[in-house]
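J.: What would the 3D arrangement of this be:
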Amino acid sequence: MVGVQDHPVAPPPTRLRLSPAEAAMDLTHFIFADEQSGGRVSFSAVVTAAASKYSIRGSTLSGSGNVAPLTRQLLSGVDESNDARSSYEASCHDWIHALRERST
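T.: Residues are numbered from 1 along each chain as shown. Okay, here's the model as predicted:
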């Protein structure tokens, strides 16, 4: 006889459907909001290239993978000597966690 569960099983988390370019644009907007500057444009280009290179999509970001490697990959084109890099890294961590919250 097969037992019946007394409580329903929670559905699996919903994966975000973002292309690499859409993921990069979402990160750029998270960091820069409505600021229109040259920094925003160059950051967006660098992150879009990295997201495409590493095939980072919404489903990758909303998964259970470690945040640190994703952050390193997304920011791989940002120069290590860039004064804003540590701020970008912190914002990227926050953004990934926010995406994961949205997808559950």
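J.: Roughly how far does the closest residue in space to His97 that isn't next to it in sequence sit from Ser55?
T.: Nearest residue to His97 in three dimensions, chain neighbours excluded: Val67, at 7.2 Å (Cβ to Cβ, 6 or more residues apart in numbering). Every residue, glycine included, has its C-beta placed from N, CA and C. Per Cβ to Cβ, to the nearest Å, Val67 is found 17 Å from Ser55.
J.: Same question for Leu18.
T.: Leu18 is 12 Å from Ser55, by Cβ to Cβ.
J.: For these two, indicate the residue with more neighbours.
T.: For Leu18 versus Ser55, neighbours defined as other Cβ atoms under 10 Å are more numerous around Leu18 (21 against 10).
J.: Where does Glu80 sit: helix, strand or coil?
T.: Following DSSP: H, G, I helix; E, B strand; the rest coil, the label given to Glu80 is coil.
J.: Quick check: Val46 vs Arg102, distance?
T.: 24 Å.
J.: Pick out whichever of those two has more residues nearby.
T.: Using other Cβ under 10 Å as the criterion, Val46 and Arg102 rank with Val46 on top: 20 against 11.
J.: quick one: contacts for that one?
T.: Residues near Val46 by Cβ atoms under 8 Å, 6 or more residues apart in numbering: Leu75, Gly77, Val78.
J.: same thing but at 10 Å, please
T.: Ala24, Thr28, Leu74, Leu75, Ser76, Gly77, Val78, Asp79, Asn82, Tyr88 (Cβ atoms under 10 Å, 6 or more residues apart in numbering).
J.: can you pull the buried residues of the helix or strand of the chain with the lowest mean pLDDT?
T.: Averaged element by element with mean pLDDT, DSSP states H and E, the chain has its least confident helix or strand at helix 58-61 (a mean of 87). Judged by neighbour count using 16 or more other Cβ atoms under 10 Å, the buried positions of helix 58-61 are Gly58, Thr60, Leu61.
J.: what's the closest of those to Glu35?
T.: Closest approach between these and Glu35, by Cβ to Cβ: Leu61, at 22.5 Å.
J.: Any stretches of this structure with poor pLDDT?
T.: Applying pLDDT under 70 to the chain flags the ranges 1-15, 104.
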